[in-house]
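S.K.: sequence isn't available, so here's the structure alone:
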């Protein structure tokens, strides 16, 4: 008798597993397949390595560009303390020495001296009609964009003696460009003497220079230094600055008890080219 296959049996497609297939493959075919698998994995590793190298190169280019931008930034400013007890006097305007007689006539102003125990520094203060030094109106200063000043820390523990004194006073800051010795002078004092002012420990000077000339946009504040407190007024000389750029300067005092007073008003000025 003949056995008939059902229609269902005739349409069954057998799918062999890898194990079953490998059982019918010759050793040569198996070796060839393993080589292809290894080659595929090797190519995948090469592709991943290639992508990693591309990413490293891109990161390196970005880092190189960032370093180049940093090199274009203002060189670190150097504070040169002036005098042992601080100079006496007041400077009001940043100015450069006149280049010709006509400019000198326009810049006729009062010469004031900063006197210390052993030195005399001459500073040229411009008359109100001078045109060579920048004048900052309220609207112009409002357009300047500088970051907030760093927060000051109040000591967690205070002595009983501190309670008998007020906190440090707000400094009043003035800038001037000194002719001899050359440098940017930062001078500060207080508007009125406080009979209950505390004994002072030090003053910190902060400065920021606009990143792009004429932009009015300033990067983060940099503390130029902390100087020991003497009788006011006090003055420090900044030996390095960026001609042609605007600068912002602020000063804050700290008393012997570790308390900081308010920051001075941010003073802005344009350094002549």
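M.R.: Right, received. Where do you want to start? Values in this document were obtained by computation on a predicted structure and should not be read as measured data.

S.K.: C-alpha only now, for contacts and for neighbours.
M.R.: Noted.

S.K.: against residue 59, how distant is the closest residue to residue 175 other than its chain neighbours?
M.R.: What sits nearest to residue 175 in space, not counting adjacent residues and going by Cα to Cα, 6 or more residues apart in numbering, is residue 186, at 4.9 Å. Look at residue 186 and residue 59: by Cα to Cα, to the nearest Å, they are 41 Å apart.

S.K.: neighbour count winner among the two?
M.R.: A side-by-side neighbour count of residue 186 and residue 59, using other Cα atoms under 10 Å, places residue 186 first with 22 against 12.

S.K.: the strand or helix carrying the more buried one pairs with which strands, and in what direction?
M.R.: Counting by DSSP states H and E, the secondary-structure element that holds residue 186 is strand 183-189. Strand 183-189 pairs in its sheet with strand 172-178 (antiparallel), strand 234-238 (antiparallel), by DSSP bridges.

S.K.: residue contacts, the residue nearest to residue 175?
M.R.: Listed by Cα atoms under 8 Å, 6 or more residues apart in numbering, the contact set of residue 186 reads 173, 174, 175, 176, 235, 236, 237, 238.

S.K.: again, 10 Å this time
M.R.: 79, 91, 173-177, 205, 234-238, 249-251, 267 (Cα atoms under 10 Å, 6 or more residues apart in numbering).

S.K.: can you check residue 217 too?
M.R.: Residue 217 sits next to 143, 144, 145, 146, 147, 208, 209, 210, 211, 246 when contact means Cα under 10 Å, 6+ apart.

S.K.: just these now: which is nearest residue 37?
M.R.: Residue 37 lies nearest to residue 211 out of the contacts of residue 217, by Cα to Cα, at 56.8 Å.

S.K.: once you drop chain neighbours, what's closest to the closest one?
M.R.: Of all residues beyond its chain neighbours, the one nearest residue 211 is residue 218 (5.8 Å), with distances taken as Cα to Cα, 6+ apart.

S.K.: distance of the one you found from residue 144?
M.R.: Using Cα to Cα, one obtains 8 Å as the distance from residue 218 to residue 144.

S.K.: so what sits against both of these two?
M.R.: In contact with both residue 218 and residue 144: 210, 246, 248, using Cα under 10 Å, 6+ apart.

S.K.: is it possible to get TSV of the strands paired with strand 183-189 that adds mean neighbour count and distance to residue 26?
M.R.: TSV is the format used below for the strands paired with strand 183-189 (neighbours: other Cα atoms under 10 Å; distance: least, Cα to Cα, whole Å):
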stretch	mean neighbour count	distance to residue 26
strand 172-178	22	92
strand 234-238	23	86
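
S.K.: would TSV of those strands with mean pLDDT and distance to residue 45 be doable?
M.R.: Formatted as TSV, the entries for the strands paired with strand 183-189 read as follows, by pLDDT from 0 to 100; distance: least, Cα to Cα, whole Å:
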stretch	mean pLDDT	distance to residue 45
strand 172-178	90	63
strand 234-238	91	57
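
S.K.: redo the ones you listed as TSV? Include distance to residue 53.
M.R.: Listed next are the strands paired with strand 183-189 as TSV, based on distance: least, Cα to Cα, whole Å:
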stretch	distance to residue 53
strand 172-178	51
strand 234-238	45
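
S.K.: per-residue pLDDT of residue 270, please?
M.R.: At residue 270 the predicted local distance difference test score is 87.

S.K.: quick check: closest non-adjacent residue to it.
M.R.: Distances taken as Cα to Cα, 6+ apart put residue 246 closest to residue 270, at 4.1 Å, once the chain neighbours are dropped.

S.K.: what about that neighbour, how many neighbours?
M.R.: Look at residue 246: counted by other Cα under 10 Å, it has 24 neighbours.
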